[in-house]
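*Asks:* Predicted coordinates and the sequence they were generated for:
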Amino acid sequence: MFKTFLPLALGVVLAASPLALRAQGCSDAGFCTMGALKPDQPFNKKIEFRLRSMELTFYRGKTTLTPVVYVATADMNFSLNQKTSFQVKLPYQAVSGRLGNTSSLGDVSLCVTRNVFTNGTYDINVSVGGKIPTNHSDLDENGRPLPMYYQTSLGTYDGVAGISVISKKWLFATGIQHAFNRNGNKFLWSRWEGSGESMDYIHRYSIANDLRRGTDVMFRVERNIRFSRLNFTLGLLPIYRITHDRITLGTGDRVAQAGSTGLALTALFSTGYSFNVQSGIKMLLGQKIVNRDPNTDGLKREFVSTLSYYYRF
């Protein structure tokens with residue numbers, strides 16, 4: 001099954017390559033690390049009726065402009081029964097860039113995951129969840145609205161659903177994330193006139209006034225190599241924005257942002273080391289292969305790195 005499915009999956013990604021100039025990235029939108037959609041999942045892991053694990057993750061994301069994004073996340077997983085678990089993610093985000101520095105609690109993620117099939121060859125898990133905003137995505141610098149790159153929240157209530165198939169060597173996952181409302185961001189180029197900043201630089205940020213993000217569909221394919229204490233993974237993460245972002249122009253017109261649909265493709269590498277059966281560390285590196293412009297939601301990343309410590313109870 002998996003030897004047949006991998007070439008097909010890669011074929012789909014390569015066939016979509018003409019869309020590369022309109023790609024967007026998954027980073028802080030968050031659903032790529034929720035429930036069944038998470039990377040580096042062990043096969044046939046038993047769930048016990050107690051706190052299953054706590055993971056502390058430190059993230060650094062380099063954008064295509066000057067902002068650098070740092071996130072520290074507490075990721076907690078609880079077992080509800082033998083087949084069902086509940087995940088809570090609490091991030092604290094800080095951004096440093098040419099237009100300003102911001103920091104605050106990021107969007108809270110909640111997710112329920114259910115194992116719907118298991119045998120000696122593979123597991124199938126499904127997840128349903130959502131994201132709760134912690135602010136209206138309206139942070140400013142000296143009264144001037146900041147672009148989405150600098151925001152610590154996406155400012156929307158999002159719904160997430162996904163499914164994964166996991167074997168000893170492979171992980172395949174697909175999911176969807178949909179924003180139910182527009183946020184309170186007010187970034188327009190005109191609002192930075194007279195600020196002393198180069199308007200050529202300001203114009204490199206996409207207008208995000210009253211942004212409502214489009215819907216994303218992701219697919220993850222990952223090859224695992226596991227030893228007794230050490231493991232490695234190699235993977236691809238394509239994400240399609242299937243509907244346009246919508247913004248309000250300075251004229252008051254509500255429009256679809258041209259070029260905001262399309263494909264993002266990221267290559268991923270991770271490695272982990274288990275100190276014992278309860279704890280260990282992980283490192284993940286992600287390099288963007290294709291990107292898009294404009295980037296209304298500020299989620300475009302050229303390179304990301306994360307370092308995690310986990311403890312299982």
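*Replies:* That came in fine, so what should we check first?
*Asks:* Report the distance from stretch 117-136 to the chain centre.
*Replies:* Mean-position distance between stretch 117-136 and its chain equals 14 Å (CA atoms, centre = their mean, to the nearest Å).
*Asks:* Name the residues of that stretch that come out as buried.
*Replies:* Neighbour counts over stretch 117-136 (16 or more other CB atoms under 10 Å) mark 122-131, 133-135 as buried. The way it works is simple: take the backbone N, C-alpha and C, and place the C-beta from them, glycine included.
*Asks:* where does residue 206 land in three-state SS?
*Replies:* Secondary structure, DSSP: H, G, I helix; E, B strand; the rest coil: residue 206 is coil.
*Asks:* Now for it: which residues touch it?
*Replies:* Counting by CB atoms under 8 Å, 6 or more residues apart in numbering, residue 206 makes contact with 147-148, 257, 294-296, 298.
*Asks:* returning to that earlier point: and of the buried residues of stretch 117-136, the nearest to residue 30?
*Replies:* residue 131 (5.9 Å; CB to CB).
*Asks:* so that closest one makes contact with residue 178?
*Replies:* No. With contact defined as CB atoms under 8 Å, residue 131 does not reach residue 178; the gap is 10.4 Å.
*Asks:* hey, what's in contact with both of those two?
*Replies:* Joint contacts of residue 131 and residue 178 (CB under 8 Å, 6+ apart) are 158, 160.
*Asks:* Just give the number of residues close to residue 174.
*Replies:* Neighbour count of residue 174, defined by other CB atoms under 10 Å: 18.
*Asks:* mind listing what's buried in stretch 100-116?
*Replies:* Buried residues in stretch 100-116, counting neighbours by 16+ other CB under 10 Å, are found at 100, 102, 106-111, 113-115.
*Asks:* what does stretch 302-313 give?
*Replies:* If you call a residue buried by 16+ other CB under 10 Å, then stretch 302-313 has these buried ones: 304, 306, 308, 310, 312.
*Asks:* Need the residues that contact it.
*Replies:* 27, 50-64, 277-288, 291.
*Asks:* These, buried ones only, as a ChimeraX selection?
*Replies:* Buried residues within the contacts of stretch 302-313, by 16+ other CB under 10 Å, are selected in ChimeraX with:
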select :27,52,53,54,55,57,59,61,63,280,282,284,286,288,291
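*Asks:* Mark which of the contacts of stretch 302-313 are part of strands, please.
*Replies:* With strands taken from DSSP state E, the overlap with the contacts of stretch 302-313 comprises 51-62, 279-288.
*Asks:* sorry, back to before: farthest pair in the buried residues of stretch 117-136?
*Replies:* Spatial extent of these (CB to CB) is set by the pair 122 and 135 at 40.9 Å.
*Asks:* where's stretch 198-214 relative to the chain centroid, distance-wise?
*Replies:* Averaging C-alpha positions (CA atoms, centre = their mean) puts stretch 198-214 20 Å from its chain's average.
*Asks:* what residues are up against residue 90?
*Replies:* Residues near residue 90 by CB under 8 Å, 6+ apart: 73-74, 76, 105, 108.
*Asks:* export those residues to a markdown table and tack on distance to residue 184?
*Replies:* Converted to a markdown table, those look like this (distance: CB to CB, whole Å):
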| residue | distance to residue 184 |
| --- | --- |
| 73 | 24 |
| 74 | 26 |
| 76 | 29 |
| 105 | 16 |
| 108 | 17 |
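*Asks:* Mark which of those are part of helices, please.
*Replies:* Among the contacts of residue 90, none falls in helices (DSSP state H).
*Asks:* Narrow the residues you listed to those in strands?
*Replies:* Residues of the contacts of residue 90 located in strands (DSSP E): 73-74, 76, 105, 108.
*Asks:* could you redo these as CSV and give each row pLDDT and distance to residue 219?
*Replies:* Formatted as CSV, those follow (pLDDT from 0 to 100; distance: CB to CB, whole Å):
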residue, pLDDT, distance to residue 219
73, 96, 23
74, 97, 27
76, 95, 26
105, 97, 30
108, 97, 25
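*Asks:* Widest-spaced pair of those?
*Replies:* Using CB to CB, the ones in strands among the contacts of residue 90 span at most 15.1 Å, a distance reached by 76 and 105.
*Asks:* Report the residue spans of this structure with pLDDT below the cut-off.
*Replies:* When residues are selected by pLDDT under 70, those of the chain lie in 1-29, 44-51.
*Asks:* can you give me the helices in it?
*Replies:* Ranges of helices within the chain are 2-15, 199-202, based on DSSP H.
*Asks:* Tell me the buried residues in the shortest one?
*Replies:* Along helix 199-202, these residues count as buried under the neighbour rule (16+ other CB under 10 Å): residue 202.
*Asks:* Provide the contact partners of it at residue level.
*Replies:* 98, 189, 192-193, 195.
*Asks:* how about these in a markdown table, adding neighbour count?
*Replies:* Below are these laid out as a markdown table (neighbours: other CB atoms under 10 Å):
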| residue | neighbour count |
| --- | --- |
| 98 | 12 |
| 189 | 15 |
| 192 | 22 |
| 193 | 11 |
| 195 | 14 |
